[in-house]
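> Just a sequence and a predicted model for now, questions to come.
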Amino acid sequence: HSVAVLGAPFSKGQKRRGVEHGPKAIRDAGLVERLSNLDYAVHDFGDLTFKHLEKDEHFMHVPFPRTVGRANQLLSGAVSGAVGAGHTCIMLGGDHSLAIGSVEGHAQQCPDLCLIWVDAHADINTPLTSPSGNLHGQSVAFLLKDLQNKMPEVPGFSWMKPFLSARDLVYIGLRDVDPGEHIILKTLGIQYFSMRDIDRMGIQRVMEVTLDHLLARKQRPIHLSFDIDAFDPSLAPATGTPVNGGLTYREGIYVTEEIHNTGLLSVMDVVEVNPTLGATPEAVDSDFSNIQHIVIGPDTREHQK
Ligand SMILES: N[C@](CCCC[B-](O)(O)O)(CCN1CCCCC1)C(=O)O
Ligand SMILES: [Mn+2]
Ligand SMILES: [Mn+2]
Ligand SMILES: [Mn+2]
């Protein structure tokens, strides 16, 4: 079947410059070619063009709310279009605030979707709990119906309303969760597997329980939102919020292979790649070839043994 590649060169969900170059860096490392070599029909939709809104005052301590909201409204339409056209969509970020538009657009086509969030962070702060105000740490809070009564009206987001149930979300890779986020995770009973859980259970068991939790009742489309800071910084240093003690290369491969093997992957976000950060040129290059391999999985012919 066919794959749509959609670039979202956007950085205003956080304060560090450079993550807007993520899509180009991933493309330059050969994503489209590698997908084509795996006999996928690849439709490269190119990069979205985001407008920086002139008047965009902070909302509380949240920077660029209208710019971020507008970007996600645009992205939502693009992802909805790609999925509606029958493609599996790969969205290249850009910072993780883009998951708001990506998941919302996906849900327009697939209201019964489930969400697997691979990340060092929970990204579930509300504007009231966020220590930084940065919207890339609040994405999930905008999606969840269960948090509706805890969310203020943020300017720029009136185009959407929360649609996801807490039971339809699983986290993998958590190791830097803020106090307010921890309270939300516990209160909503959200299923998560921290790095400590992975240490104890092993990645095979984590994936078994994750896919059982999400798919046992019924098979449905999977949205995989993959923040590359889920990886250990030794593997993926070129990212804005690195945290030690992350996923190994093999764990990353296993997570994506198990999701691939369900045949239910419908949209994947690859976000927080910042080629201007924390890396030497060779590290940047290995970063992206690693990401390529993880995102696409090894040559599928290996599976057909
Ligand atoms: N939870 C943080 C980081 C969010 C990262 C967003 B992601 O996952 O898309 O990269 C704050 C993290 N923490 C704050 C106190 C000092 C240490 C970092 C926040 O700013 O909300
Ligand atoms: Mn994230
Ligand atoms: Mn993160
Ligand atoms: Mn990050």
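Thanks, I have it. Ligands and ions are numbered 1, 2, ... in the order given.

> excluding its backbone neighbours, what's nearest the closest residue to ligand 2 within the stretch 101-250 of the chain?
The shortest separation between the stretch 101-250 of the chain and ligand 2 is 3.5 Å, found at Asp227 (distances taken as Cβ to the ion). Where you see a C-beta, it was placed from the backbone N, CA and C, and this is true even at glycine. Across the structure, with Cβ to Cβ, 6 or more residues apart in numbering as the measure, the residue nearest Asp227 apart from its sequence neighbours is Asp119 (4.0 Å).

> what sits against the one you found?
His96, Tyr171, Ile172, Gly173, Leu174, Ser225, Phe226, Asp227, Asp229, Ala230 (Cβ atoms under 8 Å, 6 or more residues apart in numbering).

> want to try TSV for those residues, with distance to Ile190 and secondary structure as columns?
What follows is the contacts of Asp119, written out as TSV (distance: Cβ to Cβ, whole Å; DSSP: H, G, I helix; E, B strand; the rest coil):
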residue	distance to Ile190	secondary structure
His96	17	helix
Tyr171	7	strand
Ile172	12	strand
Gly173	14	strand
Leu174	10	strand
Ser225	14	strand
Phe226	18	strand
Asp227	16	strand
Asp229	19	helix
Ala230	17	helix
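
> Make CSV out of the residues you listed and add distance to ligand 4.
Converted to CSV, the contacts of Asp119 look like this (distance: Cβ to the ion, whole Å):
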residue, distance to ligand 4
His96, 6
Tyr171, 14
Ile172, 15
Gly173, 12
Leu174, 13
Ser225, 12
Phe226, 11
Asp227, 6
Asp229, 4
Ala230, 9
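
> What is the nearest of those residues to ligand 1?
The nearest member of these to ligand 1, counting by Cβ to the nearest ligand atom, is His96 at 3.0 Å.

> so how far is Asn149 from the closest one?
Here the criterion is Cβ to Cβ, to the nearest Å. By it, His96 lies 24 Å from Asn149.

> More neighbours: these two, which one.
Taking neighbours as other Cβ atoms under 10 Å, His96 and Asn149 compare with His96 leading, 32 against 6.

> Thanks a lot, catch you later.
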